[in-house]
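Colleague: This is the structure alone, sequence omitted:
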């Protein structure tokens with residue numbers, strides 16, 4: 001012990017029983033004057049001299065203020081060690097004291113004082129007993145101002161400091177060391193610092209814990225590096241979760257606030273949101289639209305620009321500079337351009353003296369660049385935290401903004417392709433007009449909003465001869481413009497084949513050949529074509545529905561009595577597979593039946609059971625609805641998945657039937673004299689139907705068609721007249737030879753019949769059937 005140190009012994013009640021020569025030199029009191037007195041009497045008056053608690057320490061461990069014999073006060077650093085008596089009871093205490101400003105002379109003391117790491121010692125009440133110079137600097141005070149104060153009083157009652165304080169209590173109770181990592185605002189620079197804190201117990205000679213030691217390692221730089229890596233890692237999963245530019249901007253500001261900035265905003269150029277091509281750039285004021293912003297709290301910068309509104313950025317502003325230079329721009333208070341920009345944008349309320357402390361003092365503007373195209377700018381501001389943005393922050397912001405920009409550009413490209421595909425698809429989808437003679441129609445088409453893009457679903461309603469109608473629904477494999485273009489090809493091919501009036505199974509066979517040829521002709525970089533299709537023909541005269549499918553789900557049939565079931569089909573393979581036959585199913589339907597045609601997007605999807613979904617479809621069709629159009633909405637409400645992953649096409653057809661008074665037919669013998677009898681039969685029928693106004697044309701058409709059948713056809717021959725929205729004349733014979741128009745020469749005796757029919761009627765044609773053909777012609781009914 002050096003000359004400036006003192007030692008004394010007190011009993012369990014705090015009365016001095018032993019007094020060393022060092023104590024005399026330090027305090028001026030002799031042994032005779034000190035022994036027998038309570039040790040607290042030697043303290044200065046401001047330190048207090050209350051009664052000593054039995055068994056408790058007579059003096060606090062740490063810094064105390066003592067009184068010299070000549071009356072002046074002394075600041076001493078004390079250590080109190082209990083003395084154990086019989087039964088492990090406290091028999092007294094050994095107290096060592098030294099001036100608080102005395103320099104350590106021992107090797108251990110010099111290590112403590114000269115350590116570059118902040119090291120401090122606290123008693124069991126968490127009061128500072130010793131601090132080295134590094135600890136005083138980290139705490140932002142001198143040793144004289146910190147000694148005797150509790151940790152929370154000196155460091156501040158932040159949540160991070162409360163955690164350290166609780167952990168010190170745990171160390172004192174358990175006697176086990178602990179490690180903690182904290183990130184808080186402390187120190188003379190008032191910046192946020194990260195610390196790795198080691199805590200371990202201090203024990204006396206008896207092994208009892210008398211205090212806690214703290215050692216801190218400033219890990220602010222490492223913490224910042226870890227946080228930057230964590231932000232980049234978080235950006236990988238948090239950005240671009242949807243193909244929506246605005247949503248991506250919202251994800252970006254949510255990532256930056258509050259961990260990186262007190263306020264963040266994303267502004268995009270208008271052409272980005274409209275999915276247009278970028279216009280040429282100039283150096284004039286830049287106009288951008290605010291799509292997302294976020295603040296760290298009520299004291300963060302105000303939202304000057306409302307969402308959805310445009311703002312003008314002058315050339316000297318940091319965002320304009322970032323766009324012009326294509327790099328991150330750091331700006332801080334005191335720079336002319338930044339101060340001018342802030343003065344123009346800050347609300348009037350922030351220009352008062354009272355609000356200057358909360359003003360924005362740092363800005364980081366980062367351009368959103370993707371694939372060589374500038375899309376907009378991200379802005380980060382700080383006013384709550386005192387740190388300015390540094391180059392490492394700029395590098396981090398550029399990395400995150402680059403990922404966000406790619407997602408925004410993907411969304412822009414997706415929106416552009418989606419708009420193109422929708423325009424193409426809408427131009428190709430049929431314009432179904434009301435007033436079908438055979439069926440009442442209602443339909444819905446819902447393009448998917450998923451990242452896959454618009455699919456190749458389509459439907460069609462094609463009028464056929466004899467008041468029949470073809471109902472078509474199909475689905476092309478894949479999404480995007482290629483699928484939409486393929487859908488257009490198939491839609492056109494189906495209409496062309498339907499005009500030939502092929503049976504459903506034969507039409508699908510020709511369509512399958514077409515897809516096979518298209519696949520063989522495609523380039524290697526074009527994906528393989530594939531599609532499903534369902535083709536049905538309904539005849540309102542016979543009330544027969546004939547259906548054939550190529551890999552397509554079967555339609556649902558709702559009968560007038562309320563029973564609903566799926567139409568049993570022998571569905572063939574999808575189009576393009578080839579070498580497999582298609583079979584047709586024929587049903588006779590009561591008038592008023594509803595047939596539901598749909599694509600698999602309605603009943604299929606991730607995690608869905610197709611059989612259960614089709615049962616839901618059948619149940620939905622039985623729900624009462626005011627109209628067929630309303631029934632479409634009911635079906636979509638009950639069957640459509642919450643997030644459809646594919647396009648959905650739905651076509652509902654309610655069947656009609658032509659009554660006996662609208663159809664008349666008779667057999668014709670192969671005898672030229674029969675032509676006159678058929679003409680008279682037709683004229684009588686027109687008179688009964690009150691259609692005498694068109695009797696001349698009808699007589700001529702019937703005469704020509706019957707004459708051709710008698711002259712060139714085979715028996716049996718049959719004629720049929722159908723009165724609906726038009727008057728249809730059909731002549732059927734057993735010959736498979738199809739008629740054709742030809743130009744007759746001046747002296748030819750024949751060859752003009754079909755030409756006259758074509759000129760006098762709205763349309764005409766022929767269709768093949770089993771064992772023969774039918775030639776038909778349609779006339780407009782007279783206006784009433």
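Modeller: The structure has been received and is ready for your questions. As the structure is a prediction and not an experimental result, all values here were calculated from the model.
Colleague: drop to CA atoms for contacts and neighbour counts, all remaining ones
Modeller: Noted.
Colleague: Neighbours of the nearest residue to residue 594 once chain neighbours are set aside, how many?
Modeller: In space, not counting the residues next to it along the chain, residue 594 is nearest to residue 654; the distance is 4.3 Å by C-alpha to C-alpha, 6 or more residues apart in numbering. The local packing count at residue 654 equals 20, with neighbours defined by other C-alpha atoms under 10 Å.
Colleague: Mind telling me what element residue 654 is part of?
Modeller: strand 648-655 (DSSP states H and E).
Colleague: Name the residues that touch that strand?
Modeller: Strand 648-655 has contacts (C-alpha atoms under 8 Å, 6 or more residues apart in numbering) with 438-448, 457-459, 473, 540, 589-602, 628, 632.
Colleague: next helix or strand past it?
Modeller: Trace forward from strand 648-655 with DSSP H and E and the next one is strand 663-668.
Colleague: What pairs with that following strand, parallel or antiparallel?
Modeller: strand 717-723 (antiparallel) (DSSP bridges).
Colleague: Just checking the distance from the helix or strand that the partner strand is followed by to the centre of its chain.
Modeller: Scanning forward in sequence from strand 717-723 by DSSP H and E, the next helix or strand is strand 726-733. Here strand 726-733 shows a centroid-to-chain-centroid distance of 59 Å under the convention C-alpha atoms, centre = their mean, to the nearest Å.
Colleague: ok and strand 726-733 relative to strand 717-723, angle-wise?
Modeller: Between strand 726-733 and strand 717-723, the angle formed by their directions is 170 degrees, by axes from the mean of the first three to the mean of the last three C-alpha atoms, to 10 degrees.
Colleague: downstream neighbour of strand 726-733 in the secondary structure list?
Modeller: Taking DSSP H and E as the definition, the helix or strand that follows strand 726-733 towards the C-terminus is helix 753-760.
Colleague: What separation do you get for the residue nearest to residue 594 and residue 441?
Modeller: Computed as C-alpha to C-alpha, to the nearest Å, the residue 654 to residue 441 distance reads 7 Å.
Colleague: now the helices for the stretch 501-650 of the chain?
Modeller: Taking DSSP state H, counting those that start in this stretch as the criterion, the stretch 501-650 of the chain carries its helices at 504-521, 610-621, 628-639.
Colleague: how about those helices, which one is nearest residue 34?
Modeller: Ranking the helices of the stretch 501-650 of the chain by distance to residue 34, with C-alpha to C-alpha as the measure, places helix 628-639 first at 96.0 Å.
Colleague: Can you work out which other helices and strands pack against that closest one?
Modeller: Helix 628-639 is packed against strand 439-446, helix 610-621, strand 648-655, with contacts defined by 3 or more C-alpha pairs under 8 Å, 6 or more residues apart in numbering; DSSP states H and E.
Colleague: which stretch among those comes nearest residue 501?
Modeller: In terms of C-alpha to C-alpha, the element of those nearest to residue 501 is strand 439-446, at 18.1 Å.
Colleague: hmm, who's touching that closest one?
Modeller: 432, 434, 469, 540, 628-629, 632, 647-656.
Colleague: how much space between the residue nearest to residue 469 when sequence neighbours are not counted and residue 657?
Modeller: Using C-alpha to C-alpha, 6+ apart and skipping the chain neighbours, the partner closest in space to residue 469 is residue 463 (4.5 Å). Per C-alpha to C-alpha, residue 463 is found 15 Å from residue 657.
Colleague: same deal with residue 590?
Modeller: From residue 590 over to residue 657 the distance is 8 Å, taken as C-alpha to C-alpha.
Colleague: Please identify which of those two sits among more neighbours.
Modeller: residue 657 (19 against 15).
Colleague: so residue 672 sits in a helix?
Modeller: No - under DSSP: H, G, I helix; E, B strand; the rest coil, residue 672 falls outside any helix and is assigned coil.
Colleague: Skipping its backbone neighbours, what lies nearest it in space?
Modeller: Of all residues beyond its chain neighbours, the one nearest residue 672 is residue 710 (6.6 Å), with distances taken as C-alpha to C-alpha, 6+ apart.
Colleague: Now name the helix or strand holding that neighbour.
Modeller: In the assignment (DSSP H and E), residue 710 maps to helix 695-712.
Colleague: Please list the residues outside that helix that contact it.
Modeller: Contact with helix 695-712 is made by 669-672, 675-676, 678-679, 682-683, 686, 717, 719, 729, 731-733, 753-754, 757, 760, 775, 777, as judged by C-alpha under 8 Å, 6+ apart.
Colleague: Run the chain-centre distance for stretch 559-573.
Modeller: Its chain's average C-alpha position is 38 Å from that of stretch 559-573, according to C-alpha atoms, centre = their mean.
Colleague: Kindly apply the preceding question to stretch 534-547 instead.
Modeller: Using C-alpha atoms, centre = their mean, the distance from the centre of stretch 534-547 to the centre of the chain it belongs to is 45 Å.
Colleague: quick one: average confidence on that stretch?
Modeller: Stretch 534-547 shows a mean pLDDT of 95.
Colleague: just stretch 423-434 next, same as before
Modeller: Here stretch 423-434 scores 64 as its mean pLDDT.
Colleague: do the same with stretch 552-569
Modeller: Per-residue pLDDT over stretch 552-569 has a mean of 94.
Colleague: Kindly check the end-to-end length of that stretch for me.
Modeller: Stretch 552-569 stretches 10 Å from its first residue to its last (C-alpha to C-alpha).
Colleague: Of all the residues in it, which ones are buried?
Modeller: 552-559, 564-567, 569 (16 or more other C-alpha atoms under 10 Å).
Colleague: And stretch 89-98, by the same measure?
Modeller: 90, 92, 93, 94, 95, 96, 97, 98.
Colleague: can you give me the helices in the stretch 301-450 of the chain?
Modeller: In the stretch 301-450 of the chain, the helices defined using DSSP H, counting those that start in this stretch lie at 318-325, 336-345, 391-428.
Colleague: that older thread, how about the helix holding residue 710: buried residues?
Modeller: In terms of neighbour count (16+ other C-alpha under 10 Å), helix 695-712 has its buried residues at 695, 698-710.
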